[in-house]
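1. for reference, the sequence and a predicted model appear below.
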Amino acid sequence: MPDHDIIIIGGGLGGLVAGAKLAKEGKQVLLLEQHNIPGGCATTFTRNEFTMEVGLHEMDGIYDKTDPKQKIFKDLGVFEHIEFLKLPEFYRFKNNQIDIIIPDNVEQAIELLTKQFPAEEKGIKKFFHKIFAIRKEANRTFPLWCHRWKLDILIPIFPAIFPHLAFNTYATLGKYLDSIINNEDLKLILAANLGYYHDNPYSMSLIYFSVPQAGYYKGGAYIKGGSQKLSDYLAKVIKDNGGEVLLQHLVTGIIMKNNKAIGVNYKQNRKSAIEIKTINAKVIIANAAIPNVIDMLSEKKVQVNKFKKLQKACSLLTIYFGFNKEPKELGNKHYSTFVFDDNVKELKDMIVNFHGNFADRSYVFIDYSQIESGLAPFGKSVGAICTVDYLADWENLSYEEYKIKKNQVVKIFRDKLEQLIPGIDKEIEWCEVGTPKTIKRYTLNPHGTAYGYAQIPKQAGLFRTRIKSPVKGLYFASAWTNPGGGFTGAIMSGWLCANQVLGNQEI
Ligand SMILES: Cc1cc2nc3c(=O)[nH]c(=O)nc-3n(C[C@H](O)[C@H](O)[C@H](O)COP(=O)(O)OP(=O)(O)OC[C@H]3O[C@@H](n4cnc5c(N)ncnc54)[C@H](O)[C@@H]3O)c2cc1C
């Protein structure tokens, strides 16, 4: 007799949403999380009087009635317990020639960009029409997934029902922008926040860019008090509904019998803890990274080669700041500012830049003092600089080399920030860097990736729906599976997984 209905490996957003939904539906849930707080990338940490946001800059779709999160959050009571703050604009783009503020409103964005680039009016309108059409269709697929339709059976009629999704299956953002716009600066402006999804415009799935991007043009949001509030709330829903959330417990293996997952091995995640325990369940849900899950399977004959061929997404580097003064007091007026280096003149330069020296690296600065973030005491504030990065830059360094490199990188980005907001450097009370190695350490994600498998055309849309468990009784709920990375992707994956489990009547 299994000990539980459901065991969830990992307490990132995908695992928490799946657990909250299943616990609310009366299932007995046990969630095992290796870290000492729930949330994965959706967490905060405290330094002095500052609450540092690990990841969240912007959440898309909160102000769009057709967004799938509306239904999910209503069902889980999120809107009653979590306060979302509307961001003042989408972003500011800045390089040596251009300084422009992109509104989070499509009509205003079209008007502003057309004024700035009159010769590109047609292309600008086409771009916005395309991303909104793709988003609309993608949102319409959500109820089908929830009702556990196998979208594969729709393939013959898919182009007739979802033409924008079907005919852009293989499209990339870079190629699409090249086909409708000539001005290179305008292309860079429209793709400025690429790092929110991927590192290369020419392999970024146009569909995966469009869905959240159009959502941001309806208004981006931040969670008052930090993303930890959402993670803690979801963990509470599990517990309030009779479930258990065991922190600092690492799953070390998935026990299988006749190609079916029947339990897990786990231990306390402390150096001194050696005792491995075993626990059984009718269903196992893996929020942990799929490549790690595959390695944990006790029966090795399962078809796992297809997972080895999939490309993993990039990672991120973040410098966290605690300021004695709010940057807005020093003249900064914008929540997020994307600063592009001079060596990025065309879309194709973005990937080169992300692999280049930190001294030249383009970045975004997030100024949480532009909203009532609740992250710092009155008069003080927190901020973050973030850029695309790779584990390979960090993983083979000795302890000393790693420390030295971190200090060098902090110095480089402090100088960049001082150039952006003169006078800010002396107001820095706390400053700390989180590298891809840090992300890997706290989430165990291979490559320290923030987005699971890379969001490239052959791993997006219908192809992503095929990234599913090869083992009976084992389900995936994370950025690694369908629909993809980011807060929205992980939240949706948890919801879809819970629905699938409820529909399969294994419990
Ligand atoms: C710096 C940064 C900035 C970001 N900014 C944004 C943003 O502005 N907007 C946005 O939408 N998205 C953003 N993201 C991406 C987003 O946060 C992630 O894509 C999403 O939260 C991933 O959720 P997940 O469910 O896949 O789980 P993860 O967050 O990857 O968490 C997985 C969890 O499983 C646990 N785990 C793993 N293995 C085991 C095991 N064996 N046993 C027990 N527990 C285990 C880990 O400890 C972790 O808690 C950002 C990410 C980062 C890192």
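-> Great, that's in hand.
2. what helices and strands are in contact with the strand or helix carrying residue 110?
-> Here residue 110, judged by DSSP states H and E, is contained in helix 106-116. Packing partners of helix 106-116 (3 or more Cβ pairs under 8 Å, 6 or more residues apart in numbering; DSSP states H and E): strand 99-102, helix 121-146, helix 184-190. Any C-beta I mention is one placed from the backbone N, CA and C, and that applies to glycine too.
3. quick check: mean pLDDT across the shortest one?
-> If I follow you right, that is strand 99-102. For strand 99-102, mean pLDDT rounds to 98.
4. packing partners of it?
-> Against strand 99-102 (3+ Cβ pairs under 8 Å, 6+ apart) you get strand 91-94, helix 106-116.
5. any buried residues in it, and which?
-> Across strand 99-102, burial judged by 16 or more other Cβ atoms under 10 Å covers 100, 102.
6. what lies in contact with that strand?
-> Applying Cβ atoms under 8 Å, 6 or more residues apart in numbering, the external contacts of strand 99-102 come out as 89-94, 109, 112-113, 116, 189, 192, 334.
7. 7 Å - rerun?
-> Residues outside strand 99-102 that contact it (Cβ atoms under 7 Å, 6 or more residues apart in numbering): 89-93, 109, 116, 189, 334.
8. same question, stretch 183-191
-> The contact list for stretch 183-191, computed with Cβ under 7 Å, 6+ apart, reads 93, 97-98, 100, 102, 113, 117, 120, 127, 173, 177, 181, 201, 340, 344-347.
9. distance of the closest residue to residue 289 other than its chain neighbours relative to the ligand?
-> Among residues not flanking residue 289 along the chain, residue 445 sits closest, at 4.8 Å (Cβ to Cβ, 6 or more residues apart in numbering). Separation of residue 445 from the ligand (Cβ to the nearest ligand atom, to the nearest Å): 5 Å.
10. which residues touch the closest residue to the ligand within the stretch 101-250 of the chain?
-> Nearest residue of the stretch 101-250 of the chain to the ligand: residue 250, at 4.5 Å (Cβ to the nearest ligand atom). Each residue near residue 250 by Cβ under 7 Å, 6+ apart is listed here: 34, 266-267, 269.
11. can we see that at 8 Å?
-> Neighbour list for residue 250: 32, 34, 266-269 [criterion: Cβ under 8 Å, 6+ apart].
12. now do residue 133
-> residue 164.
13. try residue 215
-> Listed by Cβ under 8 Å, 6+ apart, the contact partners of residue 215 are 60-61, 64, 67, 135, 488.
14. point out the most buried one among the helices and strands packed on strand 99-102.
-> Stretch with highest mean neighbour count among those: strand 91-94 (a mean of 22; mean count of other Cβ atoms under 10 Å).
15. how far is that strand from where the chain is centred?
-> From the chain centre to the centre of strand 91-94 is a distance of 21 Å (Cα atoms, centre = their mean, to the nearest Å).
16. could you export it as CSV, CA atoms only?
-> Provided in CSV are the C-alpha atoms of strand 91-94 (Å, rounded to 0.1, in the frame of the first residue of the first chain):
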residue,chain,number,x,y,z
TYR,A,91,11.4,48.9,-20.4
ARG,A,92,13.9,51.6,-21.3
PHE,A,93,16.3,50.8,-24.0
LYS,A,94,19.6,52.6,-24.0
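17. now check that strand, is it near the ligand?
-> No: if you take Cβ under 6 Å from any ligand atom as the test, strand 91-94 misses the ligand, and the best it gets is 11.4 Å.
18. in a markdown table: the contacts of residue 215, plus neighbour count and secondary structure.
-> Shown next, in a markdown table, are these (neighbours: other Cβ atoms under 10 Å; DSSP: H, G, I helix; E, B strand; the rest coil):
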| residue | neighbour count | secondary structure |
| --- | --- | --- |
| 60 | 25 | coil |
| 61 | 25 | coil |
| 64 | 18 | coil |
| 67 | 22 | coil |
| 135 | 25 | helix |
| 488 | 23 | helix |
